[in-house]
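[1] the sequence and its predicted three-dimensional model are supplied below.
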Amino acid sequence: MKHTSRFTTAATLLLAILITTFGCKSSTSDPGPANLTTLQGSWKITGITVDPAYTYLGISVTDLSSALKLVGENCLADAVITFNANGTISNNVATQASCATATNTKNLISTFFGPTTTYSESGNQATLVTGGQTVTGTKVFTPTTATYTAKLPTDPGGNPVPTTYTVVLTKQ
């Protein structure tokens with residue numbers, strides 16, 4: 001009987017050693033996907049907010065992307081913005097059927113990402129130059145998005161109200 005007991009004890013000890021050695025997860029955690037580091041490439045605009053709120057037809061609006069949908073403009077869903085390696089920005093708004101009558105969306109996109117816009121990046125900042133206007137803002141990256149925040153001297157309606165715009169871009 002003692003022989004069986006020693007065998008069981010030895011087997012249990014060996015099993016415990018094997019589980020401890022090979023069965024446990026590594027103490028180092030998986031860092032997950034790396035954050036993006038540049039705006040270069042193609043993006044969809046997945047969010048635009050303003051602060052302070054913009055008043056449109058008597059309604060205060062901070063989430064412009066949702067407000068555009070409410071007035072029947074679905075152009076943002078189809079618009080792709082491309083930051084080219086040569087420092088220029090292009091977009092596909094002119095070729096999208098959903099953008100043909102989306103005047104507000106086209107104006108908003110042109111404010112930041114028009115066909116004559118150029119950009120440069122340095123650290124956590126990006127500078128956009130369009131129509132003689134230079135806008136420098138901060139950029140924050142995740143593995144799939146870039147958030148660009150900049151202050152313009154006007155609100156979405158062109159009124160002289162200093163407004164902070166936050167644009168969320170999702171990598172394509």
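    That came in fine, so what should we check first?
[2] only C-alpha atoms for contact and neighbour calcs from this point on.
    Fine.
[3] neighbours around the closest residue to residue 88 other than its chain neighbours, how many?
    Distances taken as C-alpha to C-alpha, 6 or more residues apart in numbering put residue 118 closest to residue 88, at 4.3 Å, once the chain neighbours are dropped. Neighbour count for residue 118, taken as other C-alpha atoms under 10 Å: 21.
[4] how about residue 138?
    Neighbours of residue 138 under the rule other C-alpha under 10 Å: 18.
[5] contact partners for it?
    Residue 138 sits next to 124-126, 147-150 when contact means C-alpha atoms under 8 Å, 6 or more residues apart in numbering.
[6] and the two most separated of those?
    Put simply, by C-alpha to C-alpha the two of the contacts of residue 138 set farthest apart are 124 and 150, 12.1 Å from each other.
[7] ok, residue 132 - how many residues close by?
    Neighbour number of residue 132 under other C-alpha under 10 Å is 8.
[8] no no, residue 54
    Residue 54, neighbours per other C-alpha under 10 Å, totals 21.
[9] other residues contacting whichever helix or strand it is part of?
    Here residue 54 sits within strand 41-56, counting by DSSP states H and E. Residues outside strand 41-56 that contact it (C-alpha under 8 Å, 6+ apart): 60-65, 76-85, 155-156, 163-172.
[10] in helices, which of these appear?
    64-65 (DSSP state H).
[11] quick revisit: okay but the residue nearest to residue 88 is in contact with residue 90, surely?
    No: applying C-alpha atoms under 8 Å, one finds residue 118 not in contact with residue 90, separated by 9.1 Å.
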